[in-house]
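*Asks:* Pasted the sequence and its predicted model underneath.
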Amino acid sequence: MLHDDFIQLVIQRLAEKSTSPSDAGPIIGYARSKPEEARLMDPPAKESAVLFPLYKKNDIWHTAFMKRPDSQGVHSGQLSFPGGRLEKHETHLEAALRESAEEVGIVRHDWNVIGALSALYIPPSHFVVQPFLAVGPENPQFQLNSSEVVEWIEHPVSNLLKPQIIKRKEIFVGKFNRTFDSGYFDIQGHTLWGATAIMVQEFRSLLGYHD
């Protein structure tokens, strides 16, 4: 799978990467501190990592998002990539792989991590999150942890690369008790916004899609 032309292009663009979350432009719902600033706050931001999966399903490149249960704090009911908080003495990549295995059954030795996107600070939960791009086997089998994942939404990458896919609406953020005019992606009727949407937009930007 790593020799596929699409993946080779992604690897090449990652090597040349000059994009950052600031390139997300209209997808950013509110201003956020840089990760290095968040790490100097009192208390410092907690560290987390996620896996941005890429795999072929029926010969079409896909990614996937997990919908979190309504009982999971400030990010209840939102779409995200699999991942979570670092444990003691754990690297960001180790955390991303461990959490992805626990949440959706990603088998570590079947997936190849091809690079990292930009780290992001998430103000509502006070986390810095580091995303990693990983290429999996064709038609992978996922085992969902029902206590962590309400729905696993497999989505063609080509749909994310359509021009003018970004939509806008008012989104309420309970942590701030206010509404933000924000860009978002419509993922099969679900609203993908916030940090995960910024990761997706950075991925699109790598491939030349900026709006």
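*Replies:* Looks like it arrived, so ask away.
*Asks:* what's the helix or strand for Thr50?
*Replies:* Careful, residue 50 is Val and not Thr. Using DSSP states H and E, Val50 sits within strand 46-57.
*Asks:* orientation of the helix or strand just after that strand relative to strand 46-57 in degrees?
*Replies:* Toward the C-terminus, strand 46-57 is succeeded by strand 60-67 as the next helix or strand (DSSP H and E). Strand 60-67 and strand 46-57 are oriented at 140 degrees to each other (axes from the mean of the first three to the mean of the last three C-alpha atoms, to 10 degrees).
*Asks:* in its sheet, what does the helix or strand following strand 60-67 sit against?
*Replies:* Using DSSP H and E, the helix or strand that follows strand 60-67 in sequence is strand 79-80. If you go by DSSP bridges, strand 79-80 pairs up with strand 60-67 (antiparallel).
*Asks:* So which bits of the strand it pairs with are buried?
*Replies:* 61-67 (16 or more other C-beta atoms under 10 Å). Where you see a C-beta, it was placed from the backbone N, CA and C, and this is true even at glycine.
*Asks:* same thing with stretch 93-100?
*Replies:* Buried residues in stretch 93-100 (16+ other C-beta under 10 Å): 95-100.
*Asks:* cool, stretch 79-87 as well?
*Replies:* 79-84, 86.
*Asks:* Arg204: what secondary structure?
*Replies:* helix (DSSP: H, G, I helix; E, B strand; the rest coil).
*Asks:* separation between it and Val10?
*Replies:* 11 Å (C-beta to C-beta, to the nearest Å).
*Asks:* cool, and Met41?
*Replies:* 33 Å.
*Asks:* okay, these two: which has more neighbours?
*Replies:* Neighbours were counted for Met41 and for Val10 using other C-beta atoms under 10 Å; Val10 has more, 21 against 11.
*Asks:* one step back: tabulate the buried residues of stretch 79-87 (CSV), appending pLDDT and distance to His155.
*Replies:* Listed next are the buried residues of stretch 79-87 as CSV, based on pLDDT from 0 to 100; distance: C-beta to C-beta, whole Å:
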residue, pLDDT, distance to His155
Leu79, 96, 10
Ser80, 96, 13
Phe81, 98, 12
Pro82, 97, 14
Gly83, 97, 17
Gly84, 95, 21
Leu86, 97, 27
